[in-house]
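*Asks:* sequence? don't have it. structure:
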């Protein structure tokens with residue numbers, strides 16, 4: 001039989017080596033948070049439904065942890081899950097509020113048996129509030145925060161993929177909250193619930209924009225502000241071949257270098273450049289210049305300078321950019337190109353753990369319930 005929290009490949013090398021986590025299978029931000037923690041060395045057992053397919057539904061986000069099939073309505077399986085949780089440092093679940101409680105695995109019951117466990121919960125609306133039990137998705141969660149309204153062209157808001165809610169405001173805050181609670185548990189000996197709501201995280205991510213709003217430096221209009229495509233020195237431009245380049249020459253010295261590099265000799269003063277009244281004229285001027293060459297020609301001319309330039313690459317192009325290749329920002333695993341672990345550590349190096357990811361029945365694990 002397999003022993004809980006032991007990997008056939010041996011101990012990990014990441015900074016979370018020795019940390020034991022039970023993940024209840026879900027979608028989106030929960031698995032992504034678990035992936036981050038697994039990459040950093042946590043030993044994670046993922047609890048899946050009895051009818052879970054042998055193949056991974058998300059071969060990248062589900063990497064690095066072992067899979068166990070269990071029926072939460074089966075008393076024997078439930079006892080074995082509790083045995084796992086009694087050994088664990090943390091739990092991750094991403095169901096609607098009340099689901100884990102109805103299964104008999106709510107925080108009160110779990111923490112009663114393991115008072116030092118960190119109980120990580122990820123939802124869109126949070127565990128409390130009038131919308132807590134209402135269905136939704138990333139686009140809805142960020143809609144009420146001001147983030148969605150601020151993103152997109154003038155005509156209408158545009159969802160920024162599902163980065164702001166699901167993964168930025170959700171998974172990253174869940175992982176950060178679990179890590180903070182683990183540190184506290186090691187000092188106090190007491191666990192707690194981490195309530196990570198995507199709407200809360202999205203609000204937090206908007207801190208700098210709300211700060212600018214409070215200072216009168218940001219308006220509700222889209223494409224009218226410094227970071228939303230309004231400023232001509234912080235936006236993308238189309239090139240002769242239909243490709244795009246990005247310009248982020250915020251500081252006057254970098255803007256001056258950009259203009260010099262692309263042949264614009266007459267420049268406005270700093271105050272004139274920063275006046276939104278002059279932005280349409282500057283944008284038209286820069287747009288005309290960048291239309292004269294292809295994206296790759298501009299890349300050859302400007303990349304590596306302090307003009308704050310980068311080509312806009314597609315998803316298929318990005319893994320082959322020389323900088324990302326040099327940093328090994330992507331890796332190939334089982335024939336699948338995927339993002340490498342991040343961030344990086346100088347001593348306890350993160351890695352994608354090579355574990356057997358064929359799901360096994362929970363009865364195959366050696367737990368107190370099976371002895």
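*Replies:* Received the coordinates, thanks. This one's a predicted model, so the numbers in the text were calculated from it and none came from an experiment.
*Asks:* from here on, contacts and neighbour counts on C-alpha atoms
*Replies:* Fine.
*Asks:* now for the helix or strand where residue 80 lies, which elements pack on it?
*Replies:* Assigned by DSSP states H and E, residue 80 belongs to helix 75-87. The contact analysis (3 or more Cα pairs under 8 Å, 6 or more residues apart in numbering; DSSP states H and E) places helix 75-87 against strand 20-24, helix 107-113.
*Asks:* so can I have JSON lines of these showing mean neighbour count, distance to residue 160 and mean pLDDT?
*Replies:* Formatted as JSON lines, the helices and strands packed on helix 75-87 follow (neighbours: other Cα atoms under 10 Å; distance: least, Cα to Cα, whole Å; pLDDT from 0 to 100):
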{"stretch": "strand 20-24", "mean neighbour count": "24", "distance to residue 160": "27", "mean pLDDT": "98"}
{"stretch": "helix 107-113", "mean neighbour count": "16", "distance to residue 160": "33", "mean pLDDT": "98"}
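*Asks:* and of the ones you listed, who's closest to residue 91?
*Replies:* Closest to residue 91 of the helices and strands packed on helix 75-87 is strand 20-24 (Cα to Cα; 4.8 Å).
*Asks:* contact partners of that closest one?
*Replies:* 5, 34, 42-48, 84-85, 87-94 (Cα atoms under 8 Å, 6 or more residues apart in numbering).
*Asks:* in the chain, which helix has the most residues?
*Replies:* helix 173-188 (DSSP state H).
*Asks:* pull out the buried positions in the helix or strand just after that helix.
*Replies:* Next helix or strand after helix 173-188 toward the C-terminus (DSSP H and E): strand 192-197. Residues of strand 192-197 classed as buried: 192-197 (neighbour count, 16 or more other Cα atoms under 10 Å).
*Asks:* list only buried entries from the contacts of strand 20-24.
*Replies:* Buried, going by 16+ other Cα under 10 Å: 5, 34, 42-48, 84-85, 87-94, out of those.
*Asks:* okay, and which of these map to helices?
*Replies:* Among these, the subset assigned to helices under DSSP H consists of 34, 84-85, 87.
*Asks:* still on that earlier bit, wait, which of the buried residues of strand 192-197 is closest to residue 149?
*Replies:* Closest to residue 149, out of all of the buried residues of strand 192-197 and judged by Cα to Cα, is residue 197, at 19.1 Å.
*Asks:* OK, contacts around that closest one?
*Replies:* Per Cα under 8 Å, 6+ apart, neighbours of residue 197: 122-127, 169-170.
*Asks:* could you measure from it over to residue 97?
*Replies:* 11 Å (Cα to Cα, to the nearest Å).
*Asks:* from the contacts of residue 197, which two are the most distant?
*Replies:* For the contacts of residue 197, and using Cα to Cα, no pair is farther apart than 127 and 169, which are 15.3 Å apart.
*Asks:* tell me which of the two has more neighbours.
*Replies:* More crowded of residue 127 and residue 169, by other Cα atoms under 10 Å: residue 169, with 28 against 19.
*Asks:* next, that one: secondary structure please.
*Replies:* Taken by DSSP: H, G, I helix; E, B strand; the rest coil, the conformation at residue 169 corresponds to helix.
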